[in-house]
Structure formats: C-alpha cells, structure tokens
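# Just a sequence and a predicted model for now, questions to come.
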Amino acid sequence: MAFNLNRARGEVDADTLYERRRRRFRILVCIDGSDASYDGLRFASRIGESDECDIILLYVRPIDQGMRTGGLQVRVARENMLDWGLELPGIRHLKKGLSMLAGDESLSAHWTTKTSHTDSWGDPLGDNKVEYRHENGKSIVLKLKAAPDVASGVLDQYELGPYNLIIMGEPSHWHSEARSFFGASVAQKVAMLSPCSVMVARPKGVHQNRGHLICVDGTRHSLDAMRREAVLAHHSGDSITVLCVARHQSEAATAERVLEKSVEMLSRIDIHDVGTLVRVGDPVEEIVRAGNDHSVIAVADSGKKLIRRLFTGGIAFRVMGAAETSVLNVR
Amino acid sequence: MPLPTVALLIIVGQILLLGVDSNTVAKSLMTDSVLFIMGSLMLAVAVVKQKLDIRIAWLIVRVTGTKTTRICFGISVVSGVLASFVGEHTVAAMMLPVGITLISLTSDDPKEVRRLAAVLLFSISYGCSIAGIGTPSGGARNAIMIGYWKEFFFDPTNPETRKFLIDYITWIAYAYPVFLIQLPFVTLILNWTFKPEYQHLSRSVARLRQQIVNQGPMKPSDWLAIAIFALILVGWIFLSGEIGLGTVAIMGAAIFLIVGLVRWEEINSGVNWGVVLLYAAAISLGLQMKDTGAAQWVAESFLHLLKPLGAEEGIGLWAAVSALTTLVTNTMSNGAAVAVLGPIVLKMAIVAGENPLILGFITAISSAFAYLTVVGTPACTIVYASGYLKTTDFLVVGWRMVVMSTIIMILAATFYWPLLGG
C-alpha cells in the first residue's frame, strides 16, 4: 500500500525502490521491548556496521479491535493518550533501539530524517515509519506497524522489503512441528514461514564473541549457504569453524572430504584460517553440543518447500529450538 | 470471516431456517436494550472527548495523597463509581492516560515500574469491571437482562408479574452493594499479587499537578458537559421505567451533538457499529430460543448434567451458573455472554423452581468476572493496549479476583437479596 501511495505522489517507483534495496544488505530486527530482542539488535549492530547495510527496527502492534472493547474503538483511548502527550506502545522501545545504534550527537550531525504514515487495517493510527539516512547512504528505520498478530506483521513487513536477514529475540518456547500448529511462538512462526534467512538471537551468543560454527552436509545447498554465512562472519571479524556430522563412523571419511572441499571453497573467496570439526552421531544433538561453544550456529535450511517444511521441519528448525546459543537458519 | 457476518447469518437463518416472518425478525432486532447499547456507545465517545480525565486525576491524588496503595484505591473507587453509570469502556478510555502518566512520570524505564504499572492499570480495569454491574446503565449486559426478564415473565394482565419489570433503583438496590464490597478487595489483591516497586509516587504526583495547573480553570464547555451528563443520569433514574434506558441514552447523545460538544464524525469513527449489530442479532436469537423451545431444552440438559453433582438447585445451581457464565464471559464480551446465556438460565430457573430474578442477577453479575483474559472485558482490552501489561498478568491476578467476586456474590444472593424480596 505504501508503494502505491508513493507512486501516486510521484515519488520513487516501487520497482526502482525494490531494486535499489536488493543491492543492499538489509536486516530486519524485531523489537518487542524484551532483553532478548535487544540482544538481537546488538548482533545486527555488529554485523551491520558496513555502509552497505541497512537496519530496520520493527515493532508490531496488534490491530485495535472494537469487537473486543464492547463496541468502543480502542482508537478513542489511543487518541486520548496522544492528547495527553503519551506515546503509542512501541515507540519507546524503538527509540531505545535507535540509541543503541547511533548516538544523539551523531544523529543530529550526519543523518537526515524522513517520517511517513500509512493507514493499515482501517486503523488511522496505522503504520508509522521514521527513516534516518546517513551521508554515506546507510539507513536505520524505525517502523511501528499494526497487524492482526505479531508474526504476520513481521512476515508482512518482509513483503514490503526485501530483507536478507530477520533477527528475532530468544523465543519463550519452541514446540515440535506438530505442536507448533497449535501454540508456536512468534519466533517459531517467523522461522517456519519466512522466505529469507532468520536468526534467533540468544544472550549467550551475543555477549560472548566465540566465533561462528557453520554446518555443512556436502549438498550444494548447504555449501552455498556456508559460503554466504562465512562472508558474513568474516566481515564481522569473527572466527569460523565448519562442522560436518557423520551419522555413523563409516561415514566419517566422507565428512572429512566435505570439510576439505568447504575449506577450499572459502579460500577461493579469500577466507582463510578456517577451523574444521567432524562429529559422529545424531546431527541435531551433535550440532547443538558443538555449537554451544560458539556465538552463532549457522545451519542451512532444509531447502524443502513451505508445506513440507511445515509438516516435517528439518535439522535447522530443531537446532533453532534446542540450542543455547544464537542460531542462524540460512535460506 | 468478519465477526459481524455472524449477526447477518443469524438474521438470515431465522427467516430461512426457522420460517420466522422477516418483519418479526426485524422488530426483534431493535429493542430498547439495543437502543441503549447504541446510545451508550455514542455517549462514551462524547464523554471521552470532553477531556475531563485530567480533572478527575487531580481529584484522585488530592484526596488520596501520594502513597501508592491509596492512589490505587482512589483510582479503583473513582473508576468504579463512574463506570457504574457510564459503562466501563468509557471510563477505561478516560483513565488510561492517567495511569500511564503516573507510571511514566515515575520512571522512563518500563522494567523499573513493571509491577507498579500492573497495579495502577489493573486498578482501572478491575475497578471498572466490578462496577459495570452496579446500575442498569453500567453495561449492555444489564440492559439485556432487564429486557429478557420483561420478555420472558412480564404479563400485562397479571399484576404479580410486575416484579419482573426491574427499574433503575431496584437494580441498584440489588447490585450496587456487591460492587462496593468488592472495592477494597481489588486493591488488596492487586498489591498482594504484584507488590509495586514504589510505595510513594510523590515525584509523579507533583509533575501531574503541574500539568493540571497548565490546563487552567474549568471552561464553560466543561461545566456544560457535566450538566448534560447529570441530566442523563436523572433521566435514567426517574424516566427509564417509562421511556426506557435506551431512549434516555439516545437523547443524551443527541444533546451532546446539538450543543456541539462532539461531532458526528467523531462518534461515527469511535463506535464499532458491527458490535451493535451483533448484540441486536444475539438478543433476537435469544428470543427465538425462547419461542422455539431451544432454551428450555438446553436448560433441561444442563440441569440433568448438574443432578449427579447435587447442584440442580439452591447454592449449587447458583455456583454452577456463575461458573458457566464466568467461563463464557472470559472468551467473549460480557454483553454477548448474557445475550447467549440469559434465555437458557431463565428457563433453567423455571425448570428448577428457582427465582428467575436471582439466577438472572447471578448471570449478569458473573458476566463481569472476565478477569482472566485480555478480551474478557472492554476495560481489560483497553488497558492492555497501553503496552505495559502481559497476557499472563491477567491470569496471575485474575483467578484471585474470580474467587473473591464469586464468594461475595453468592453471599449477597444468600443473605442480602432475600431481604429485598428476591
């Protein structure tokens, strides 16, 4: 809707804007005011230092439903709050996030500000956006969005993107595939349905810089994901260890060969000093065990189509739930 | 499917499936109860727009001082007394900024005032919730139950049935004491559950005082709004028996519009008309449940279930009806709960040989026990919109509130209502 409005006003064409965004590394950080969500932001701040990287802070506010308030629209209460000079829920959290990324002095000296508002879901308080753009082209966006529920708000925001990475704070719970149909947390829903890579940030992973553990299984899909994640880790100055899990001892030699190939691939893109690790056993258990000594576990997505992913999950999905450190599901 | 579609299907279903004449269905949609719901929602928007909230806030802190417990009690009392007359959604919308201002002036960091926020905001919402049953104008459910009693039991040719025409004062006599007794328990339960971080709010009260000073003295429009509201109150107390609660509410909304204290556009955008339609359809369905015998069948089935538990009469039945209403009202609005359960409970009273007034009051009052969920009552939904509360907070404190309210209501039904002839 925002794109159509902009087009009507003669602003940048939607396709042009989309293409322009595709050329940048865009990170969507979901903020809900919890410590876990700020942990995610700290990670985004670390990997997103480059001028080529934009960070979008998103707070999703459930849409106001007059049906639940006996017929009086919640907007009456909200407008009353605004008249008192009180902020909408979420603004305070987004401002705190902004202060973690850029200081007040820097903002006033080097950044330009642009605000915009879009009606959504018939709610006049709708979506609000403040974009801070640095002289060098980097931008930080604070987005306050209304949606029927938080997970669909995050996924809807992806559609307005695109984004390369969505970062969520540690979820309150993580259910098995079957149970997740009935009570999935926001992070789990987003991890299941997001088209782009998703990271679940955990305090242990964010506060201690102990490098990235990248998991490969020899498939083209996993090697490609490894290459992308290694670039990210290398860019942040973090150490890299590549892990391959053999289900049985007889497959250990194959795992060794996969790792040799992986190291060779990385050296071709000037990434050296890569550690390697072979483990034998259940992939999920071994990845979690080895990964808990690292800041980030990166696992390639199963590559399954959405419906299959919903029913059968995958190693990446299970590692996301079981690990004690941050997990990046690379898509 | 949008929820108002259910209302449309109820209307169509009555005509096509039950073969009821369309004019009869149309008439059953617009009862005095529905007029009241419509009028009170318009009044709610009009009252909130008058910005009297800051004056009310000042009144509270002037009387209570700066001690947190006393401020919470003051907020519950004022929210409750107002909500008992104008409806909980109106008061919750008015008092929400008061609560948030006190919280945010105490600390900018929500974590530092997490428990204080819970105590202050729940004082508003639960103060409103327990009060909504105080008078007939306190909520849609009350008007709906009054309408059901009249529809089910009043026979103009039988003077004995006049006791089922419950007027404003009679309702207050039954329900207001139940609200008043609950008030101190709300503060006790909230403080016991959350134990606020700050025992005194001196700093925030001082800054609130400054905000009020900046507003200047009361304006003529403020006095006019208060006068109109007093007029509506007098109309409800003395005229509603003759012309109906709904007519007075509609008249009040019209006066606010005529004198220019609120614009139609503000009312139009502030009221969710789908809810009015839903209430109308639910009441219409309730009447059809009576006429077709569906209510009787459900009532008999429910009593049959209660028999092995020894709860088919007396206090056992009251507790069972209260539990059923509490369960339903925590998943939908309290007005809808009464609209759906009312016909069944009243038929149940006949089958069990119980007084329909007692069971009706138990249903209406229990519909206020929606303390457990965000969507249970309008006041809970509105304070939740502040962003300070978690959904689990409602469960943590809500069950204590349910136990307290149920005990007080059952005690009133046992010892107090019989004194009134109930």
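Cool, got the structure.

# Would you mind giving both backbone torsions of B:I103?
Backbone torsions for B:I103, taken as degrees, to the nearest 10, come to phi -70, psi -50.

# would you list every one of the helices in the stretch 51-200 of chain A?
Shown for the stretch 51-200 of chain A, the helices assigned by DSSP state H, counting those that start in this stretch span residues A:74-83, A:91-101, A:104-110, A:150-160, A:177-183, A:186-193.

# Return the most buried member of those.
helix A:186-193 (a mean of 23; mean count of other CB atoms under 10 Å in any protein chain shown). C-beta: built from backbone N, CA, C; applies to glycine.

# Pull the distance from that one to the chain's centre.
10 Å (CA atoms, centre = their mean, to the nearest Å).

# just stretch A:94-102 next, same as before
Counting by CA atoms, centre = their mean, stretch A:94-102 comes out at 17 Å from the chain centroid.

# that older thread, please tabulate the helices of the stretch 51-200 of chain A in TSV and include mean pLDDT and distance to chain B as additional columns.
Formatted as TSV, the helices of the stretch 51-200 of chain A follow (pLDDT from 0 to 100; distance: least, CB to the nearest CB, whole Å):
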stretch	mean pLDDT	distance to chain B
helix A:74-83	77	4
helix A:91-101	86	7
helix A:104-110	74	15
helix A:150-160	87	12
helix A:177-183	63	13
helix A:186-193	83	13
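
# which stretch among these comes nearest B:A352?
Ranking the helices of the stretch 51-200 of chain A by proximity to B:A352 (CB to CB) places helix A:177-183 first, at 38.0 Å.

# pLDDT score assigned to A:N4?
Note for A:N4: predicted pLDDT of 47.

# ok, now A:G70?
66.

# picking that back up, would you mind reformatting the helices of the stretch 51-200 of chain A (as CSV) and adding columns for distance to A:A300 while you're at it?
Formatted as CSV, the helices of the stretch 51-200 of chain A follow (distance: least, CB to CB, whole Å):
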stretch, distance to A:A300
helix A:74-83, 43
helix A:91-101, 29
helix A:104-110, 37
helix A:150-160, 19
helix A:177-183, 18
helix A:186-193, 14
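
# how about those helices, which one is nearest A:R133?
Closest among these, using CB to CB: helix A:104-110, at 9.7 Å.

# Format the CA atom coordinates belonging to the closest one as PDB.
Extracted in PDB, the C-alpha atoms of helix A:104-110 (Å, rounded to 0.1, in the frame of the first residue of the first chain):
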ATOM      1  CA  ASP A 104      22.100  11.700  19.600                       C
ATOM      2  CA  GLU A 105      25.000  13.800  18.500                       C
ATOM      3  CA  SER A 106      25.800  11.700  15.500                       C
ATOM      4  CA  LEU A 107      22.100  11.600  14.500                       C
ATOM      5  CA  SER A 108      21.800  15.400  14.500                       C
ATOM      6  CA  ALA A 109      25.100  16.000  12.700                       C
ATOM      7  CA  HIS A 110      25.200  13.300  10.000                       C
END
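
# what does it rub up against?
Identification of contacts with helix A:104-110 by CB atoms under 8 Å, 6 or more residues apart in numbering or on different chains yields A:98, A:132, A:134-135.

# same thing with stretch B:112-120?
Here stretch B:112-120 has contacts from B:68, B:71-72, B:75, B:99, B:102-103, B:106-107, B:110, B:190-191, B:193-198, B:386, B:388-389, B:393, B:397, using CB under 8 Å, 6+ apart.

# Could you tell me how far that stretch lies from the centre of the chain?
The answer for stretch B:112-120 is 24 Å, by CA atoms, centre = their mean.

# Would you mark the buried spots in it?
B:113-120 (16 or more other CB atoms under 10 Å in any protein chain shown).

# now for the strand or helix carrying B:S84, which elements pack on it?
Assessed by DSSP states H and E, B:S84 sits inside helix B:68-86. Counting contacts by 3 or more CB pairs under 8 Å, 6 or more residues apart in numbering or on different chains; DSSP states H and E, helix B:68-86 packs against helix B:32-49, helix B:53-64, helix B:88-106, helix B:114-131, helix B:168-194, helix B:220-243.

# if you set the cut-off to 7 Å instead, what comes out?
For helix B:68-86, the packing partners by 3 or more CB pairs under 7 Å, 6 or more residues apart in numbering or on different chains; DSSP states H and E come out as helix B:32-49, helix B:53-64, helix B:88-106, helix B:114-131, helix B:168-194.

# In CSV: these, plus mean pLDDT.
Formatted as CSV, the helices and strands packed on helix B:68-86 follow (pLDDT from 0 to 100):
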stretch, mean pLDDT
helix B:32-49, 88
helix B:53-64, 83
helix B:88-106, 86
helix B:114-131, 93
helix B:168-194, 94
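
# burial count for A:S172?
12 (other CB atoms under 10 Å in any protein chain shown).

# any idea how far chain B is from the residue lying closest to it once chain neighbours are set aside?
In this structure, A:S172 finds its nearest non-sequential neighbour in A:S185, 5.6 Å apart by CB to CB, 6 or more residues apart in numbering or on different chains. In this structure, A:S185 and chain B are 13 Å apart, going by CB to the nearest CB, to the nearest Å.

# one step back: in ChimeraX, select just the buried ones from the contacts of helix A:104-110.
In ChimeraX syntax, the buried subset of those is picked out as below (16+ other CB under 10 Å):
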select /A:98,132,134
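
# Of the contacts of helix A:104-110, which is the nearest to chain B?
Lowest distance from chain B to the contacts of helix A:104-110 (CB to the nearest CB) belongs to A:L98, with 14.7 Å.

# Any idea which residue of the stretch 301-422 of chain B lies closest to chain A?
Minimum separation of the stretch 301-422 of chain B from chain A (CB to the nearest CB) falls at B:G387, amounting to 2.5 Å.

# what ranges do the strands span in the stretch 251-400 of chain B?
Assigned strands in the stretch 251-400 of chain B: none (criterion: DSSP state E, counting those that start in this stretch).

# Contact residues of it facing chain A?
Contact residues (CB under 7 Å from any CB of the partner chain) of the stretch 251-400 of chain B with chain A: B:269-272, B:274-276, B:333, B:335, B:375, B:378, B:381-382, B:385-387.

# Of those residues, which is the most crowded?
Ranked by neighbours (other CB under 10 Å), these are led by B:P378, which has 36 neighbours.

# That one reaches B:H89, doesn't it?
Yes - counting by CB atoms under 7 Å, B:H89 is a contact partner of B:P378 at 3.9 Å.

# Of the contacts of stretch B:112-120, grab the buried ones for ChimeraX.
A single ChimeraX command selects the buried members of the contacts of stretch B:112-120 (16+ other CB under 10 Å):
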select /B:68,71,72,75,99,102,103,106,107,110,190,191,193,194,196,197,198,386,388,389,393,397
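
# What's the separation between the residue positioned nearest the centre of chain A and A:S172?
Nearest to the geometric centre of chain A sits A:I166, at 1.7 Å (CA atoms, centre = their mean). When distance is defined by CB to CB, to the nearest Å, A:I166 is 18 Å away from A:S172.

# so how far is A:S116 from the residue nearest to the centre of chain A?
For A:I166 relative to A:S116 (CB to CB), the value is 22 Å.

# The one helix or strand A:G321 maps to - contacts with which helices or strands?
If you go by DSSP H and E, A:G321 is part of helix A:315-322. In terms of contacts (3+ CB pairs under 7 Å, 6+ apart), helix A:315-322 is packed against helix A:283-291, strand A:296-300, strand A:326-330.

# can you rerun that using 10 Å?
Applying 3 or more CB pairs under 10 Å, 6 or more residues apart in numbering or on different chains; DSSP states H and E, one finds that helix A:315-322 contacts helix A:177-183, helix A:186-193, strand A:197-201, strand A:212-215, helix A:220-236, helix A:283-291, strand A:296-300, strand A:326-330.

# Compute the inter-axis angle for the second one and helix A:315-322.
So that's helix A:186-193. With axes from the mean of the first three to the mean of the last three CA atoms, to 10 degrees applied, the angle from helix A:186-193 to helix A:315-322 works out at 180 degrees.

# cool, and the fifth one?
An angle of 50 degrees separates the directions of helix A:220-236 and helix A:315-322 when computed by the same axes, to 10 degrees.

# And helix A:220-236, what's buried?
A:221-223, A:225-230, A:232-236.
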